[in-house]
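>>> kindly return the folded structure for what I paste below:
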Amino acid sequence: MGFIQEFKTFAMRGNVVDMAVGIIIGGAFGKIVSSFVADVIMPPIGVLVGNVDFTKLAITLKEATTTATGEAVAAVTLNYGKFIQSVVDFVIIALAIFMMIKFMNSLKKKQEEAPAAPPAPPAEVVLLTEIRDALVKK
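The predicted structure follows:
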């Protein structure tokens, strides 16, 4: 089997396609959550703690300077505000995934609790029932 054919067989399996769809949807969901946190959740929290913009919170490790040739050298900062925002993103995504898995598990549990159809009788019992019915008719 050629390399191209083998790769095509691998790539077109259901698991790989399902995984790719999940990754794409997960990436889009991550962007939505990041926007939700940055644009909806963090501004009110910033107002509550004294009009603080979390994305601007940083510790300057080295001030911005200018070289002898006149080129500007950017300041070196420790951006802990962006880190706080990323942590909030993670917590919301983890909570959403937890709730989704919990919902799926409850559906699975309900499905398992549903009464199963009684098992089919053995072939011997079916044959004896047919014989009995035939004798009753005579």
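
>>> alpha carbons only for contacts and neighbour counts from here, please
Noted.

>>> now the terminal residues of stretch 30-44, how far apart.
End-to-end distance for stretch 30-44: 21 Å, by CA to CA, to the nearest Å.

>>> buried set for that stretch?
30, 33-34, 37-38, 42-43 (16 or more other CA atoms under 10 Å).

>>> could you do stretch 79-89 as well?
In stretch 79-89, counting by 16+ other CA under 10 Å, buried: 81-82, 85, 88-89.

>>> which elements pack onto the helix or strand harbouring Lys31?
With elements taken from DSSP states H and E, the one containing Lys31 is helix 14-36. Secondary-structure packing of helix 14-36 (3 or more CA pairs under 8 Å, 6 or more residues apart in numbering; DSSP states H and E): helix 80-113.

>>> following the helix it packs on, which helix or strand shows up next?
Note on helix 80-113: by DSSP H and E, the next helix or strand toward the C-terminus is helix 123-137.

>>> got the CA positions of that following helix in CSV?
Extracted in CSV, the C-alpha atoms of helix 123-137 (Å, rounded to 0.1, in the frame of the first residue of the first chain):
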residue,chain,number,x,y,z
ALA,A,123,-34.8,-22.3,20.9
GLU,A,124,-35.9,-25.3,22.9
VAL,A,125,-38.7,-23.3,24.6
VAL,A,126,-39.8,-21.9,21.2
LEU,A,127,-40.0,-25.4,19.7
LEU,A,128,-41.9,-26.8,22.7
THR,A,129,-44.4,-23.9,22.5
GLU,A,130,-45.0,-24.5,18.8
ILE,A,131,-45.5,-28.2,19.5
ARG,A,132,-48.0,-27.4,22.3
ASP,A,133,-49.9,-25.0,20.1
ALA,A,134,-50.1,-27.6,17.3
LEU,A,135,-51.4,-30.2,19.7
VAL,A,136,-54.1,-27.8,21.1
LYS,A,137,-55.3,-27.1,17.5
